[in-house]
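A.B. asks: I'll drop the sequence and a predicted model, then ask my questions.
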Amino acid sequence: GGALQQRARSIVEAGGFAQFADDLCALDENAIFTSGVNGVSFWDGTRWGDISGGFHELSFGHDIFALDEDHAWLLYGMHYDSLAVWDGADWSKTTLDGATIVSVTAAAADEAWAVGSGLWRGDGAGWQDMGVAGDLLDVWTPGRNDAWAVGTGGRVIRWNGATWADVETGVEGTVNLVHG
């Protein structure tokens, strides 16, 4: 919610991370992930810790989403083509060659979504191209078998657990964000 995001931002600012954090994901006041030029950091309620794992390339983090302290997804890389998945101890990294990725979300450890120049589904073992073309800018999921993605040209699409389908909205301009 808005109050949690505000509190998380003040914790980030008090820790001196505000100028380095491109994105944050707050689970609660005692569990905050940040990504940016200093890599990936985690607030445990008492102190900040670097969880980049020595991977310099994670310092180019663009978007981070976490379900809990043991499941987080990070978009990183100078070319916006790489994903990293946190398992509570280490990052596993994947590059989607030729892709541009701008947003990531997840409903469960085995159901994550990434969008950009296309749309990909993460099942915990890898990433599958869902065959959805277009410039997608954001993705959100309220739960398993239900996801929404938005993009240029007023495009809104929805996952019903089996397929992605266009949703008619009457919007012609760019839709930048989707959230419940």
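C.D. replies: Noted; the coordinates are in hand.
A.B. asks: Could you pull out the buried residues of stretch 53-71?
C.D. replies: Neighbour counts over stretch 53-71 (16 or more other Cβ atoms under 10 Å) mark Leu58, Phe60, Gly61, His62, Asp63, Ile64, Phe65, Ala66, Leu67, His71 as buried. For the C-beta atoms, the positions are set from N, CA and C on the backbone; glycine is no exception.
A.B. asks: Farthest pair within the residues you listed?
C.D. replies: Largest separation among the buried residues of stretch 53-71 by Cβ to Cβ: Phe60 and Leu67, giving 22.7 Å.
A.B. asks: For the spatially most central residue of the chain, list the residues it contacts.
C.D. replies: Note on the chain: the residue nearest the mean C-alpha position is Val104, at 3.1 Å, using Cα atoms, centre = their mean. For Val104, the contacting residues are Asp63, Ile64, Phe65, Trp73, Leu74, Leu75, Leu83, Ala112, Trp113, Ala114, Val115, Val139, by Cβ atoms under 8 Å, 6 or more residues apart in numbering.
A.B. asks: Same check on Asp68?
C.D. replies: Asp68 makes contact with Leu27, Ala31, according to Cβ under 8 Å, 6+ apart.
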